[in-house]
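Novice: would you be able to build a 3D model of this:
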Amino acid sequence: METSGQFWARRLRWRLIGAWRWPLFFVCTVADALIVHALPPTGSRALFFPALFIASFGNLFLIGAVAPWLARRLAARQGNPPAASFPPSNHHEILVDKVASIALLVATLGLVAAGLGNRKVVVADTDRLARAAEQVQRYVDGHAPAEIQRNIDTLNTHDTQEDGFFRMCVAYDDRTKAYCMFVDAKKKPPSVVYDRDTRPNGAYFRTP
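Specialist: Numbers count the residues shown, from 1 in each chain. Here you go, the predicted model:
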């Protein structure tokens with residue numbers, strides 16, 4: 001005959017079986033925000049705290065709406081568990097906890113996959129920058145003064161707000177001035193336009 005201590009031990013184990021979703025919610029929400037910040041699925045910059053805010057709502061939706069719905073569907077398919085089963089394998093709370101935990105983990109893995117899949121954008125930007133640098137080298141060789149040709153190793157690039165559009169500068173011997181060009185790397189070959197403003201990129205794009 002089962003003693004009271006054995007009953008409560010089994011009941012505690014039952015409670016613990018169904019107590020994974022909320023610890024996973026906090027862990028996965030922070031992990032999701034870090035993943036979005038490091039590997040933005042959209043290709044644009046993502047800040048940590050806005051990502052954390054959005055991830056928390058997304059994960060709450062998984063726990064509060066998606067998991068209970070899926071748990072009911074699974075319970076209906078499984079039917080009644082064996083009478084000796086404790087806790088019953090299709091007990092609603094335990095089933096919701098399992099489904100919610102799996103959903104949280106799958107969502108986190110999905111963000112990793114989306115972020116890694118979007119790295120091709122970074123590769124495209126790198127290719128554009130390489131083409132832009134090659135075209136600038138040709139432009140400097142053909143149009144820039146000897147002083148700039150000599151200082152080509154000081155080439156500095158700033159990515160403007162427009163995708164594939166760069167301001168690239170080579171320093172004069174007087175490092176407070178630079179020979180600058182606007183480069184549109186979306187074109188093939190990239191177009192280069194001389195900028196009469198001799199401020200280096202650091203001064204040109206300095207926020208007031």
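Novice: going forward, measure contacts and count neighbours with C-alpha atoms only.
Specialist: Fine.
Novice: how about the helices in the chain?
Specialist: Per DSSP state H, the chain carries helices over the ranges 4-17, 21-38, 48-61, 67-78, 92-117, 119-143, 146-150, 201-204.
Novice: and T157, which of those helices is closest to it?
Specialist: Nearest to T157, of all the helices of the chain, is helix 201-204, at 7.5 Å by CA to CA.
Novice: buried sites along that closest one?
Specialist: Counting neighbours by 16 or more other CA atoms under 10 Å, one finds that the buried residues in helix 201-204 are N201.
Novice: got the contact list for it?
Specialist: With CA atoms under 8 Å, 6 or more residues apart in numbering as the test, helix 201-204 has contacts from N156, T157, H158, R167, M168, C169.
Novice: ok, so of the residues you listed, who is nearest G64?
Specialist: After measuring the contacts of helix 201-204 against G64 - CA to CA - the closest member comes out as H158, at 45.5 Å.
Novice: which residues does that closest one bridge with?
Specialist: Under the criterion DSSP bridges, H158 forms beta bridges with R167.
Novice: local confidence estimate at it?
Specialist: H158 is assigned a pLDDT of 89 by the prediction.
Novice: ok, the one 10 residues further on next?
Specialist: As summarised for this prediction, M168 has a pLDDT of 95.
Novice: kindly report the same for P81.
Specialist: Predicted confidence (pLDDT) for P81: 55.
Novice: alright, that wraps it up for me.
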